[in-house]
Structures are given as structure tokens and as C-alpha cells.
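Student: One predicted model, sequence on top.
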Amino acid sequence: MKPSIPKGTRDFSPAEMLKRNFIFDTIRAVYQRYGYEQIETPAMENLSTLEGKYGEEGDKLLFRILNSGDPFEKYRQAHLEIKNSDVTEKGLRYDLTVPFARYVVMHQNEISFPFKRYQIQPVWRADRPQKGRYREFYQCDADVIGSTSLLNELELIRIIEDVFDTLKIDVLIKLNNRKILSGIAEVIGEADKIIDITVAIDKLDKIGLEKVNKELKSKGLSETAVQKLQPIILLKGSNENKLESLKNVLKDSAIGKKGIEEIETIFNLLQSLKRTARNLELDITLARGLNYYTGAIIEVKPNDERSSFTSSICGGGRYDDLTGIFGLPNVSGVGISFGADRIYDVLEEVQGFPDFSGVSTKILFVNFGEEEAKYCLQLVERIREDGINAELFPDAAKMKKQMGYADAKKIPFVALIGTEEMKNGEITVKNMSTGEQSKVTMEILLHMIK
RNA sequence: GUGAUUGUAGCUCAGCCGGUUAGAGCGCUAGAUUGUGGAUCUAGAGGUCGUGGGUUCGAGCCCCAUCUUUCACCCCA
């Protein structure tokens, strides 16, 4: 049979794993520097945990796992109609936030709040694959749960800056607040249509004002409401200018004013760190994940001409009551998630990966035969004791084969030890990039390849 | 879920109007070179033309279905 893998999934070869680990290691190091602790949760969750948390669309994109055995058998025999819930009760996780909420509720007695956790694991969505969209991809989440302080929002923004600074990706961080969106819906007299409004204006960049207005009307917004909305969604200028305008627009909305206050607090905190925040933009058309965000909404996009990515590579926000549905009310959380696979694609486009040659094996010992190999084994052990990656070729293959192996694997040094070297206690070492070759002692060799 | 698009050697791709035994470059293996990789030369291996049907005297090429690739919509990391 011809081997294949499921649609939207990928294999990762050694060269790709070096790059992927560069991303994971960077994010992990930053998370740890800010005091976040790692957890993992199972690949599969009970469907009761997942269903209804991601909206109608999300439910369709859940991978459901068929119960083991032949779950259809008894229904078939009795000629009964079969419902999904009869044959599947588990599903692959769709994101890391909902499983985390479940984790917090189940482990609430072991956790001392506020709990700062990070989690780097794959998630699965039965989406049609396309640019930057896979059916299996890694999310790198950090959340703070059990604290309403806006210092957490500030910290997450600083984490985003640190990660992309380290990865050397220019980004634009967009910030909004769900309370501002609620305020806007309120002042235009369409408070109950907030989801329709936010979904529509979120597309402003993409489809333009005209189509946004058309969508708004098709969702049942009145002409006057749409007209009232125009100056608000077209707000331009600096963050300060936008905030001043919004204060005026939302002066009669308590919730709207609260949202403005939160945004201002975050900006002020950033300024107190003497950060210019030039890559931080207040964007009131930013809606995202409306299903559980209640306060801050964060989205990060690449800001580099060489990248064709217009979709987000990191997103997040505050959700006031995510654990409520699992029976633990009044616990607020705020978090972000880096999309590792999209960051990978961006780094490829901007050629931002460092050179990984020589990060693996530093020296290969050529195998000339049983006796020589046995002798080399001790030397390889000695080199590894110093923490240097070294290997002995397992077969007494032809020199051409062994040298070719070193070449293909970009191993910078090759040691050749035959009967002559064994007798004299020497090591013939060849520098594979210059072609130079010399006879040295172990001490000198260690110095050379360190 | 909707609309396009792709599939020929390990990889990148040719393949004429439907016509005999499907080609190239790179890679791979072996040799030139029995203790020396990359460069060169020589030889060799490697194909169910994604899969299953159909049309035809004849299909890599046309038709249908299906899987897959890529892209857009919806939605999203």
C-alpha cells in the first residue's frame, strides 16, 4: 500500500524540527522568565467539555472520536436511528484555553491563585486547510487565572514583545476591549446585536466599509444605527486621539467608559516602563473570539513587507467567567496564545531563522573495523563527558560512505583512527570545511571542537 | 460546509491534436579512487502517470466519482 497522512497534517523532518524547537524554546524561556508554570492536558477531552464553547462554527470543526468496539451495532440490529451522541463521547482538543479552564476547576484545591500557567501542545480543527491553516497545529498558551489586575494584561503584552523581539519578527500589536464594543452597541441602540456588529466591523480591513454596512443591515440593524456607527468605526489617528473621540462617543455608556479606562490604564502602565508602544495600536474593529472574551482583546500580526501573512500569529484576551460553566464561578482569567506554525511560516518568509549548522554532532569517528571501533568507543565517551555531541559510525563501511555521511549531516570534524594512530595514541582529525588534517592529542582535540 | 485548483521517478518538472517501449535535471547506488567527503567522468537502479470506473481500435492526455495539494469564502492560530 501507498503510505499517506491525513489531510492537513504534516511530518516534521530533522531540519524542520530544529527550526520548530527554536520557536518553542524561545516562547518557553520567556514564559518561564515571567513566572509561568507548565502543564499538559490530554489530546482528547470529553465532548461535554468541548461542545458549545466555540460557537456553532466551532462545534462543526471538532474532531469527534468514535467509541471503541462497534458502537453502531446495537442501533443497527434494532433498526434505530443513530445520533452523534450515541456513538461518540470524546473529541480532540480544539484549543488550550477550555481544557485549561476544566483543569483549573478539577484541580482548584491544589492551585494557589493567581495561577500563571503555560501550555505548549497541538490542537486539532476539522477546517479546510489553506495558507497558515492546518488541521493539526501547536498553540503556545499563557494564562493568568484568579486575578483581575490589569498588570496581567501589561505582562502579557510585554511577553509578546519579548518573544517577537527574540524571534526578530516585526509585529503590530492590536488592542481592543470588549467593553468598548458593548458600549458602542449600546449607544447606537443595538445592544442585543453586539455579536453581529463586532463580526461585521472586524472585517473592515478586509472587505471595506460598503460591504460591512451591507452586512450590518442584513443582520437587522436599523439605518440610523448604521449611520451612527460610521464615525466610530472610521476612527483614525493616534491611540490618544482615538481614545479622546471614544470618550465623547461613549460618554453615556457606563460599560463603554469602563472599557476606555481599562485601555488607558494599560497604555499608562506601558508608558511608565518608558516604552513608546509605537507597535501597539488601539483598533476598535478588532473583535475576535467573541465567545468568551469580556475585557481586553489582543491580536498580533506580522509587520514586515517580506511576509505575505495578514492573519494573526498571536491572539488573546480576558474572559471573566470561563470556569463558571464547569462549576467555579467568579474567577477571571486573561491569556494569550502564540500560533507556532504560523510563526514558522512567517520566519521562513522573512528568512529569520538562525543558522543551525553544527548544532548537532560535532565530531564523527570513522569506523575502520572491530578493534578500531572498540578503541574509538572510549574516546567518544570521553568527548561526550565534556558535553560535546559525538558519534561513532556503526559499520565498518567504506571511507567514501562514512565521509559522505559526515558531509550530509554537516558534521564539522571527522576523527580517523586506524592501527597507526592506535599504536601512537594519536587522533587524526579532519576539519571538514577547510579540509585540513592533523594529528593531535585528546586534550587538543577537545579544545579544537569545543 | 461553499467555490476554484493540483497530482507523471525520492525531489523539481517536461510529455505535441488521444497514437509504438513515458523523459530531463537534481538526488540515490556502484565504479574511476582498497585510509579521505564536496568537484568531475562513467554506469546503474528507480514509474500501477494519485485511486476506481467510463468513452475509444487505442488514454498520462477526454468524461465521472473519490482521495490529495494549493487558494479564497465562512471561521480562525
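Tutor: Ah, there it is.
Student: in the stretch 301-450 of chain A, which spans are helices?
Tutor: Secondary structure of the stretch 301-450 of chain A, counting by DSSP state H, counting those that start in this stretch: helices at A:340-349, A:370-385, A:399-408, A:419-424, A:442-449.
Student: And those: which comes nearest residue A:302?
Tutor: helix A:340-349 (5.0 Å; Cβ to Cβ). For glycine as for every other residue, the C-beta is placed from the backbone atoms N, C-alpha and C.
Student: what bridges to the nearest residue to residue A:426 once chain neighbours are set aside?
Tutor: Of all residues not flanking residue A:426 in the chain, residue A:439 sits nearest, at 4.6 Å (Cβ to Cβ, 6 or more residues apart in numbering). Counting by DSSP bridges, residue A:439 is bridged to residue A:428.
Student: From RNA strand B, how far out is residue A:59?
Tutor: Distance from residue A:59 to RNA strand B, counting by Cβ to the nearest atom of the strand, to the nearest Å: 10 Å.
Student: Which secondary structure state is assigned to that residue?
Tutor: Assigned with DSSP: H, G, I helix; E, B strand; the rest coil, residue A:59 falls in the helix class.
Student: Give me the distance between the closest residue to it other than its chain neighbours and RNA strand B.
Tutor: In space, and not counting its chain neighbours, residue A:59 is closest to residue A:51: 5.8 Å by Cβ to Cβ, 6+ apart. Residue A:51 is 15 Å from RNA strand B, where distance means Cβ to the nearest atom of the strand.
Student: Check residue A:307 too.
Tutor: From residue A:307 to RNA strand B the distance is 13 Å (Cβ to the nearest atom of the strand).
Student: circling back to that earlier point, out of the helices of the stretch 301-450 of chain A, which one sits most buried?
Tutor: Mean neighbour count (mean count of other Cβ atoms under 10 Å) peaks for helix A:340-349 among these, with a mean of 20.
Student: JSON lines for the helices of the stretch 301-450 of chain A, including distance to residue A:175 and mean pLDDT?
Tutor: Formatted as JSON lines, the helices of the stretch 301-450 of chain A follow (distance: least, Cβ to Cβ, whole Å; pLDDT from 0 to 100):
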{"stretch": "helix A:340-349", "distance to residue A:175": "20", "mean pLDDT": "93"}
{"stretch": "helix A:370-385", "distance to residue A:175": "49", "mean pLDDT": "96"}
{"stretch": "helix A:399-408", "distance to residue A:175": "48", "mean pLDDT": "92"}
{"stretch": "helix A:419-424", "distance to residue A:175": "65", "mean pLDDT": "93"}
{"stretch": "helix A:442-449", "distance to residue A:175": "49", "mean pLDDT": "95"}
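Student: Quick check: closest non-adjacent residue to the closest residue to RNA strand B within the stretch 201-350 of chain A.
Tutor: Distances between the stretch 201-350 of chain A and RNA strand B by Cβ to the nearest atom of the strand are smallest at residue A:339, namely 2.4 Å. Among residues not flanking residue A:339 along the chain, residue A:313 sits closest, at 5.3 Å (Cβ to Cβ, 6+ apart).
Student: Please look at the one you found and residue A:173 and confirm they touch.
Tutor: No. Here residue A:313 does not reach residue A:173: they are 10.8 Å apart, not a contact under Cβ atoms under 8 Å.
Student: Mind checking which of the two has more residues around it?
Tutor: Neighbour count, other Cβ atoms under 10 Å: between residue A:313 and residue A:173, residue A:313 has more, with 27 against 19.
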